[in-house]
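one predicted model, sequence on top.
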Amino acid sequence: MSDNQEIFDGKTFQDLTKDIYDNVKNKKLQLDLLVQEIHGFIQTIDDAILIAPVIKEIMDVSVKNDEHLVKLASVLQRIITKSMGGIDEDSIALTEQEKEELIQTLQETVDEVQRKSDKMDEIKNINKNIIGN
């Protein structure tokens, strides 16, 4: 397998690494523009308190997505290097630490999704109570 061999749906390893770079660059620009635009709407400390968690969540999701892409690129790089005869069979496998990190990331993602689901349920209940009264 070479850097130019297709890994999925017309994507090569070079395409994947370019996508990772472009995503990081574009997200930085988008976040900068978003913060500049939102800044004009913040008039009070209450406004800032409401908006700050939304911006933080957007940034956190962006960082997590980039981390997943980088991990994928790392695994693919090992496969490419192995196929070129650069490493032995055992070194392509994930280390115990990498396995633990992936499991931890998965668990954190599941926990985060559950928290957001619970929060949405709370908001729905509050809205029902407000509308019902």
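Good, I have the coordinates. Numbers count the residues shown, from 1 in each chain.

show the contacting residues for M59.
Each residue near M59 by C-beta atoms under 8 Å, 6 or more residues apart in numbering is listed here: L31. The C-beta positions use only the backbone N, C-alpha and C, and glycine is treated the same way.

and it, how far is that from K119?
According to C-beta to C-beta, to the nearest Å, M59 and K119 sit 18 Å apart.

what of V70?
29 Å.

pick out whichever of these two has more residues nearby.
When V70 and K119 are compared for neighbours, V70 comes out ahead with 13 against 10, by other C-beta atoms under 10 Å.

looks like the more buried one contacts I20 (just checking).
Yes. If you go by C-beta atoms under 8 Å, V70 and I20 touch, sitting 6.3 Å apart.

helix/strand/coil for I7?
Judged by DSSP: H, G, I helix; E, B strand; the rest coil, the three-state class of I7 is strand.

wait, it touches Q77, no?
No. The pair I7 and Q77 fails to qualify as a contact (C-beta under 8 Å) at a distance of 10.9 Å.
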